[in-house]
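A.B. asks: sharing a sequence plus its predicted fold:
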Amino acid sequence: MTTGRRRETGTRTLANLARASQDACVTALRRYGFIAKRRGLLLQRGTSRAASGWLGLNLATWSLPQVLHINPVVGVRHDTLEAILVSTAGWSAPVASVSRPLGYLMPQNTFVQWDFSATGDLTAVAEDLAHAVATYGQPFIDHWSDWSTFSREVASSDLLLDNVRFVMLPAVAAVNGDYELADQLIRQELERTAGEQDAYSNGYRDFAERFRRTVLTH
């Protein structure tokens, strides 16, 4: 019975710390225009009505119930691009067109997390996190929110993982009205993966079929 009570109390402390830490971050980030879309995900409406900042609060729980670690990931969301990716690739909205962990945008250029202690000042830590987002994450958001910049530079950036590159780039081309380029990119990836039966290759063929049927026919 004693052991059971200890487990129950520990679980309750874990849940309370996680909730309180995220709530403190939401409050601190609100002054910079970020509004919670759902727990752990915030959006910031930008100067362009078609783009918005995207911020994920990734949780690391290995130190609970004493400490919760939060690793912010900064991104940008483009509404028109998102609509294509949701309908053809099955991605869940809101979609970050590009994103990067905040620590890699800071001077140290390495993984950074903020530690929220069960016995510490959660507000002070959240304020520090929010200030870092505004200082180092906002320039990333501003740069990639501009569609002209995004569509011109994203292919040569290091922001696209291999498993999303040939999903993202045809969609970018389609938003720009360059359906010939979009189809060329899809054809190139289909040829590269021809005969492969892994999850990515099978999924890509499904994506290509939906993309050609719903986007390239317009």
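C.D. replies: Sure, I can see it.
A.B. asks: now the strands for this protein?
C.D. replies: 34-38, 41-45, 51-60, 67-78, 98-101, 114-117 (DSSP state E).
A.B. asks: Tyr200 versus the nearest residue to Thr110 once chain neighbours are set aside, what's the distance?
C.D. replies: Taking Cβ to Cβ, 6 or more residues apart in numbering as the measure, Thr110 lies nearest to Gly103, with 5.6 Å between them; neighbours along the chain are not counted. Any C-beta I mention is one placed from the backbone N, CA and C, and that applies to glycine too. Gly103 is 28 Å from Tyr200, where distance means Cβ to Cβ, to the nearest Å.
A.B. asks: and the residue positioned nearest the centre of the chain, what's its pLDDT?
C.D. replies: Residue closest to the average C-alpha location in the chain (Cα atoms, centre = their mean): Ala96, at 4.5 Å. pLDDT, Ala96: 96.
A.B. asks: swap in His69?
C.D. replies: According to the predicted model, the pLDDT of His69 comes to 96.
A.B. asks: touching, it and Ser63? I think so.
C.D. replies: Yes: His69 sits in contact with Ser63 when judged by Cβ atoms under 8 Å, with a separation of 6.5 Å.
A.B. asks: shared neighbours of these two, which are they?
C.D. replies: Asp115 (Cβ atoms under 8 Å, 6 or more residues apart in numbering).
A.B. asks: of the two, which one has the most company?
C.D. replies: Relative neighbour count places His69 above the other of His69 and Ser63, with 16 against 13, counting by other Cβ atoms under 10 Å.
A.B. asks: dig out what the more buried one forms beta bridges with.
C.D. replies: With DSSP bridges applied, His69 shows beta-bridge pairing to Ala60, Asp115.
A.B. asks: what sits against it?
C.D. replies: Shown here is His69, whose contacts under the criterion Cβ under 8 Å, 6+ apart are Leu59, Ala60, Thr61, Trp62, Ser63, Gln113, Trp114, Asp115, Phe116.
A.B. asks: switch to 6 Å and redo it
C.D. replies: The contact partners of His69, taken as Cβ atoms under 6 Å, 6 or more residues apart in numbering, are Ala60, Gln113, Asp115.
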